[in-house]
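# No sequence on hand, only this structure:
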């Protein structure tokens, strides 16, 4: 069965960087884009961008451009989201999700990773 | 960027009710519209893709309709497990923005 398993919660200080990983199983990793979505406490969902695990190509939301980098390691079926120069408003749960190209939708999601940015 | 606006928010209803949630896009998105359900502390779950296609395993009481700029999610007969927050999302062009969410709670 398809699974996306994310790394554990992180606590960071303002200005630091964080890496969240997303390990895929149950399907061919390079056949489906991985998207990242975040959710601040008590707030809605915010789309962050995607990575094509086959080519490594990426697309990022304008709001975080310059601070976000999405990469992948196909040898271990894992996608990564790095966010730098963290601010308090980056405190959120970060989700990875598989993009189902036939339906243009996010059909499987990771469990979420809480990133807390606090002095 | 395409803006997505949901209504109503919040929404109170009872078990057995028929409920409809509306999502409006700021420009035409054809049928590139998806609906997700999210429960507290959990990841979103895909319910409807391409405006009206039911995701595998999702109960048939959920249905979606619309095209262009106006879309609806309908739950034909609310069950206790349906009380959650619902989000629409377009996938027409990046950024794939979400609506602000509709919290469906018990009346």
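Arrived safely. All figures in this text were calculated on a predicted structure; none of them were measured in a lab. Numbering: from 1, shown residues only, chains lettered A, B, ... in the order given.
# In contact with residue 48, which residues are there?
All of this is about chain A. A:35-38, A:60-61, A:64, A:68, A:81, A:94 (C-beta atoms under 8 Å, 6 or more residues apart in numbering or on different chains). Bear in mind the C-beta positions are built from the backbone N, C-alpha and C, glycine included.
# Not quite, go with chain B.
B:34-35, B:54-55, B:58, B:62-64, B:73.
# Can I get those residues in TSV including pLDDT, secondary structure and neighbour count?
Listed next are these as TSV, based on pLDDT from 0 to 100; DSSP: H, G, I helix; E, B strand; the rest coil; neighbours: other C-beta atoms under 10 Å in any protein chain shown:
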residue	pLDDT	secondary structure	neighbour count
B:34	98	strand	30
B:35	98	strand	28
B:54	98	strand	15
B:55	97	coil	18
B:58	98	coil	16
B:62	98	strand	18
B:63	98	strand	17
B:64	98	strand	23
B:73	98	strand	26
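# Which one of the contacts of residue A:48 is nearest to chain B?
Relative to chain B, the closest of these is residue A:61; by C-beta to the nearest C-beta it sits at 4.8 Å.
# can I assume the closest one is in contact with residue A:49?
Yes - using C-beta atoms under 8 Å, residue A:61 is in contact with residue A:49, at 5.5 Å.
# Next, the contact list for the residue positioned nearest the centre of chain A, please.
Closest residue to the average C-alpha location of chain A: residue A:36 at 3.6 Å, with C-alpha atoms, centre = their mean. Shown in contact with residue A:36 (C-beta under 8 Å, 6+ apart): A:20, A:47-50, A:70, A:81, A:94-97.
# Find the residue at the geometric middle of chain B.
Note on chain B: the residue nearest the mean C-alpha position is residue B:35, at 3.8 Å, using C-alpha atoms, centre = their mean.
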